[in-house]
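A.B. asks: Generate a structure from the sequence data that follows.
(one chain, ligands or ions: 1)
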Amino acid sequence: MYICICNGIREDELRRAAAATASGRHGDVEAIYARMGKRPQCRQCLDDAEEIVREEWQLTREPRLEAA
Ligand code: FES
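C.D. replies: Modelled structure (predicted):
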């Protein structure tokens, strides 16, 4: 599914980019777009993109059980 139509950014691409960053704070979506070589245009995607970034950031911060 596309999150950003203007830039052709898919949800999975955004999730990978978000997981690779150290922060999910407000405003970081534009920084993540920039790292992807993109820039918001109409900006209609930013709320949904921010939610996805926040989800990925939380997932990467949760402790994971290691297989013994
Ligand atoms: S849909 Fe992302 S900038 Fe327009």
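A.B. asks: Quick one: name the residues of this protein near the ligand.
C.D. replies: Residues of the chain lying close to the ligand by C-beta under 6 Å from any ligand atom are 4-7, 40-45. In short, each C-beta sits where N, CA and C put it, glycine included.
A.B. asks: now with 5 Å?
C.D. replies: Residues of the chain lying close to the ligand (C-beta under 5 Å from any ligand atom) are 4-6, 40-42, 44-45.
A.B. asks: So which of these are in strands?
C.D. replies: Among the residues of the chain next to the ligand, the members found in strands (DSSP state E) are residue 4.
A.B. asks: Quickly check the residues of the chain next to the ligand for the two that are furthest apart.
C.D. replies: The most widely separated members of those, counting by C-beta to C-beta, are 5 and 40 (11.4 Å).
A.B. asks: Which among the residues of the chain next to the ligand count as buried?
C.D. replies: 4, 40, 45 (16 or more other C-beta atoms under 10 Å).
A.B. asks: Could you measure from residue 18 over to residue 12?
C.D. replies: 11 Å (C-beta to C-beta, to the nearest Å).
A.B. asks: about what we covered before: what would the buried ones among the residues of the chain next to the ligand look like in a markdown table with pLDDT and distance to residue 58?
C.D. replies: Shown next, in a markdown table, are these (pLDDT from 0 to 100; distance: C-beta to C-beta, whole Å):
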| residue | pLDDT | distance to residue 58 |
| --- | --- | --- |
| 4 | 98 | 21 |
| 40 | 96 | 23 |
| 45 | 98 | 20 |
